[in-house]
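> Fold the following for me, if possible:
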Amino acid sequence: MQDRIDIFREEERVVTLRAVLLGLALITAISVIATQSSYVLRSYRMAFGEMPISLLLFFGVIALGGNAVLKLVSPRHTLSAGELLVIFVMGSVGALIPGIAMMNTFLGTVASPYYHASPQNAWAEYLLDYIPTWLTPSNETGAVTWFYNSLPEGESIPWNVWVVPLFWWSSLVFALLVVMTSTIAILRKQWVDNERIVFPLAEVSQELIAGAEEPGLLPGFMRGKAFWFGFAIPFGIIVWNVGSYFNPSIPRITLKVGTGQFKIAREFPEFWTPIHLVIIGFAYLANTQALLSIWLFHVLAVLQVGFSTKMGFSLGESDPFVMGDAAVVWQMTGGMIAFVILMMWRARRHLRRVLAKAVFDSPDVDDSGEMMSYRGAVLGLLLGSAYLMLMMYKAGMSPLTVATFFFIAAIMFIGIVRVVSETGFMYVRPPIVPQTFVPRLLGSAYMAPSSLAAVGMSYAMVFDNRSFCMTAIANAGKLITPLKKHKRAITWLMVGSVMFAFLLSSLYTVYLGYRNGAVNFRVWNFAGGDRIMNTIVTKMRNPSAPDVRRIGMLGIGGTVVTALSVLCWRFPWWPLHPIGFVIANTQSTRRVALSVFIVWLVKTVVLRVGGIQGYRRARPFFIGLIAGYVAGVAVSFLVDVIWFPGIGHDFWYAL
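A predicted model of the protein is given here:
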């Protein structure tokens with residue numbers, strides 16, 4: 001991605017009061033509307049993924065609509081590129097908190113123990129005595145029951161029961177945020193300047209930001225036919241499908257091959273065949289080597305599962321929240337561990353320089369242009385990590401459990417951030433969650449009940465495909481690179497934005513629960529929130545030894561990724577990237593594999609026929625796919641608000 005240093009020529013107009021206020025307004029709008037969309041309207045998942053549609057929609061309104069009006073009415077008051085950068089960065093981290101992004105799992109886990117406990121699930125016998133009271137609201141007066149079932153008439157919201165748990169969880173969120181920001185500050189130069197990672201998600205937002213300094217009402221990439229042709233495809237399909245909301249006889253357009261799934265033989269898992277236009281739009285900006293590797297390793301994973309089934313080889317059922325064949329899952333996990341370790345090894349010279357500056361204040365290392373001083377970043381990483389591990393220990397985990405959990409969580413966070421930064425995938429799952437990895441590795445039979453209970457409560461912050469806000473921070477690190485000043489002010493604005501979004505979304509979700517009843521949200525962690533703790537109680541009731549066969553698969557996956565990495569480093573012509581192996585058969589990869597194949601094929605042909613100029617000429621078309629999808633979501637959402645509240649339409653998984 002070409003840095004547009006010239007767009008920040010007015011560096012005094014970056015961190016301004018109106019930019020900060022608009023950033024907070026953007027976070028507020030996303031938090032309220034995404035929460036309403038998920039829980040009340042049951043419409044599109046506005047806050048889902050590493051680049052939520054709500055962020056692109058509302059930032060687009062500011063950058064294209066608001067700024068265009070200012071250009072017409074009062075050109076000297078238009079928002080500068082630097083101000084738009086601040087607004088976007090604040091919104092990008094805040095958008096990853098509300099609704100189904102994080103809050104669903106967070107509050108669904110924190111509130112569930114005392115509400116879902118029953119004689120049938122035996123939580124009182126196995127679990128409740130080991131959950132610290134400061135981690136979950138008390139239900140002694142029925143406060144949590146009211147949250148799930150709605151507030152009785154005449155009662156007021158019992159905010160007091162939420163104060164203590166929200167305080168301690170807020171401290172953990174802040175510590176995790178400091179650790180993630182410090183990690184990205186340490187790695188930014190290596191990833192952006194030395195390895196020159198593409199960051200497709202940041203590239204699209206950079207185009208919008210750059211448009212502020214261009215003449216005319218629209219950015220340059222929107223002025224050609226290619227953009228509007230790309231825009232028309234998803235927008236036209238979604239608007240057409242909106243008609244079926246009113247009249248079911250209108251045939252819906254669904255982009256998929258056949259029924260959406262097919263098998264090559266009975267014993268083989270399905271290939272999923274939906275086509276995601278927004279994924280295609282972002283993936284076009286990614287490296288073709290990574291795209292080839294993702295769909296090819298997915299095919300190989302499907303073949304491996306099929307042939308293993310034919311030969312009768314199996315590691316048993318997959319663990320809860322880990323979707324896919326167990327052998328492949330643990331191979332991917334071993335590959336992810338090797339992927340991140342080798343990534344750090346490749347950055348060893350840079351990391352030595354960081355430590356030299358942090359410890360000895362080496363004059364040969366200049367960190368004046370970084371998001372944080374290297375000394376501050378190293379200190380933030382150490383202190384934040386120490387606090388997180390101390391609180392995990394206080395919550396009940398043994399020192400060995402703390403160390404194992406922290407290690408694998410760090411691997412998955414960093415690995416997923418790197419995957420998103422190279423591929424532009426909006427929806428990415430890690431191959432495994434730490435809550436599954438730790439009991440399998442250590443053996444639940446050798447873990448104290450308090451350790452297992454604390455592992456269960458950790459789902460509140462470490463779960464599923466969420467990198468928390470780390471991906472957004474990494475994208476911000478790329479976006480702010482051209483700035484000569486203000487980087488550290490923007491870094492602290494990001495931290496403040498996350499805490500603002502976390503508190504706002506928590507309080508608003510609690511309010512909606514008491515008003516409407518959280519069981520009526522109809523998202524799995526509220527409507528069926530006993531699933532998480534049931535997995536922990538099952539481990540307590542059926543203790544098991546360390547799983548040697550799964551651990552063996554870690555070694556196989558690590559070996560494959562090590563070999564692929566060495567081949568990539570030694571031979572520039574080598575076509576396969578290890579990034580494809582580490583997410584080869586996750587649920588998110590299965591959903592997008594066909595789309596990845598399509599965009600890989602198209603981009604390969606474009607580069608072969610037209611070269612880099614052909615790639616650049618086609619680029620607005622693919623950005624148009626993204627813009628048209630976002631605009632179509634806006635139309636569908638507005639229709640749901642007006643005509644279908646409570647029975648909205650969600651199509652994030654298909655188009």
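> So Ile626 sits against Ile279, correct?
No - if you go by Cβ atoms under 8 Å, Ile626 and Ile279 don't touch, sitting 9.5 Å apart. Any C-beta I mention is one placed from the backbone N, CA and C, and that applies to glycine too.
> Compare those two (neighbour count), which wins?
Comparing Ile626 with Ile279 by neighbour count (other Cβ atoms under 10 Å), the higher total belongs to Ile279, at 28 against 25.
> and the more buried one, what pLDDT?
Per-residue pLDDT puts Ile279 at 94.
> any idea which element it lies in?
helix 277-283 (DSSP states H and E).
> Kindly report the same for Met494.
Using DSSP H and E, Met494 falls within helix 487-516.
> Give me the buried positions along that helix.
487-488, 490-491, 493-502, 504-506, 508-510, 512-514 (16 or more other Cβ atoms under 10 Å).
> Likewise for stretch 206-225?
Quick answer for stretch 206-225 (16+ other Cβ under 10 Å): Gln206, Glu207, Leu208, Ile209, Ala210, Gly211, Ala212, Glu213, Pro219, Phe221, Met222.
> what's the closest of these to Phe621?
Closest approach between the buried residues of stretch 206-225 and Phe621, by Cβ to Cβ: Phe221, at 10.0 Å.
> The closest one touches Arg619, doesn't it?
Yes - with contact defined as Cβ under 8 Å, Phe221 and Arg619 form a contacting pair (7.4 Å).
> And the contacts of the helix holding Ile279?
If you take Cβ atoms under 8 Å, 6 or more residues apart in numbering as the criterion, helix 277-283 is touched by 51, 53, 200-201, 204, 230, 233-234, 255, 291, 423-427, 592, 595-596, 598-600, 622-626, 628-630, 655.
> Can you classify Gln261 as helix, strand or coil?
Under DSSP: H, G, I helix; E, B strand; the rest coil, the three-state class of Gln261 is strand.
> how close does the spatially closest residue to it that is not a sequence neighbour get to Val299?
Among residues not flanking Gln261 along the chain, Glu270 sits closest, at 4.0 Å (Cβ to Cβ, 6 or more residues apart in numbering). Glu270 sits at a distance of 13 Å from Val299 (criterion: Cβ to Cβ, to the nearest Å).
> Check Asp530 too.
Counting by Cβ to Cβ, the separation of Asp530 from Val299 is 37 Å.
> Those two: which has the busier surroundings?
Asp530 (19 against 15).
> gap between the more buried one and Gly517?
Asp530 is 16 Å from Gly517, by Cβ to Cβ.
> Low-confidence ranges, the protein, go.
The chain contains residues with pLDDT under 70 at 1-12, 464-467, 528-529, 653-655.
> ok, and the closest non-adjacent residue to Leu564?
Leaving aside its sequence neighbours, Leu564 sits nearest to Pro578 (Cβ to Cβ, 6+ apart; 4.1 Å).
> What count of nearby residues applies to the one you found?
With other Cβ under 10 Å as criterion, Pro578 counts 24.
> and it, what does it touch?
Per Cβ under 8 Å, 6+ apart, neighbours of Pro578: Ser293, Gly335, Ala338, Phe339, Leu342, Val560, Val561, Leu564, Ser565, Cys568.
> Of these, which belong to strands?
Assigned to strands by DSSP state E, none of the contacts of Pro578 qualify.
> what helix or strand does Ile97 sit in?
Judged by DSSP H and E, Ile97 forms part of no helix or strand.
> Quick check: it vs Ser205, distance?
Counting by Cβ to Cβ - Ile97 and Ser205 are separated by 18 Å.
> Okay, the nearest residue to Ala627 once chain neighbours are set aside and Gly624: tell me how far apart.
What sits nearest to Ala627 in space, not counting adjacent residues and going by Cβ to Cβ, 6+ apart, is Phe231, at 5.3 Å. Applying Cβ to Cβ, the value for Phe231 to Gly624 is 4 Å.
> out of the two, which sits in the busier spot?
Gly624 (26 against 23).
> Would you state the secondary structure element containing the more buried one?
Applying DSSP H and E as the criterion places Gly624 in helix 587-643.
> ditto for Ser205
Using DSSP H and E, the element containing Ser205 is helix 200-210.
> Go through the helix or strand Val329 falls within and flag the buried ones.
Val329 belongs to helix 326-346 when assigned by DSSP H and E. Neighbour counts using 16+ other Cβ under 10 Å place 326-340, 342-343 of helix 326-346 among the buried residues.
> Equivalent analysis for stretch 384-396, please.
So for stretch 384-396, counting by 16+ other Cβ under 10 Å, buried means Gly384, Ser385, Tyr387, Leu388, Met389, Met391, Met392, Ala395, Gly396.
> quick one on the thing from earlier: you'd agree the residue nearest to Gln261 is up against Gly258?
No - assessed by Cβ under 8 Å, Glu270 is found out of contact with Gly258, at 10.7 Å.
> neighbour-wise, which of the two wins?
With neighbours defined as other Cβ under 10 Å, Glu270 and Gly258 compare such that Glu270 has more, 13 against 8.
> Can you report how many residues lie near Thr35?
27.
> which SSE is it in?
helix 17-36.
> which element follows that helix toward the C-terminus?
Helix 17-36 is succeeded, C-terminally, by helix 53-60 (DSSP H and E).
> who's in contact with that next one?
Contacts for helix 53-60 (Cβ under 8 Å, 6+ apart): 26, 29-30, 33-34, 37, 44-47, 87-88, 91-92, 95, 204-205, 208, 278, 626-627, 629-630, 633-634, 652.
> can you pull out the helices in the stretch 51-200 of the chain?
For the stretch 51-200 of the chain, the helices defined by DSSP state H, counting those that start in this stretch cover 53-60, 67-73, 81-94, 103-110, 112-116, 123-126, 143-149, 160-188, 200-210.
> Next, format the ones you listed as a markdown table and append distance to Ala545.
Formatted as a markdown table, the helices of the stretch 51-200 of the chain follow (distance: least, Cβ to Cβ, whole Å):
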| stretch | distance to Ala545 |
| --- | --- |
| helix 53-60 | 45 |
| helix 67-73 | 62 |
| helix 81-94 | 42 |
| helix 103-110 | 27 |
| helix 112-116 | 27 |
| helix 123-126 | 19 |
| helix 143-149 | 36 |
| helix 160-188 | 31 |
| helix 200-210 | 42 |
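> most packed of those?
Of all those, helix 81-94 has the most neighbours on average by mean count of other Cβ atoms under 10 Å, namely a mean of 28.
> Which secondary structure elements does it sit against?
The contact analysis (3 or more Cβ pairs under 8 Å, 6 or more residues apart in numbering; DSSP states H and E) places helix 81-94 against helix 17-36, helix 53-60, helix 200-210, helix 470-479, helix 487-516.
> between it and helix 17-36, how many degrees?
Here helix 81-94 points in a direction 30 degrees away from that of helix 17-36 (axes from the mean of the first three to the mean of the last three Cα atoms, to 10 degrees).
> roughly how far is helix 81-94 from the heart of the chain?
How far helix 81-94 lies from its chain's middle: 18 Å, per Cα atoms, centre = their mean, to the nearest Å.
> If anything else comes up later, I'll come back, but that's it for now.
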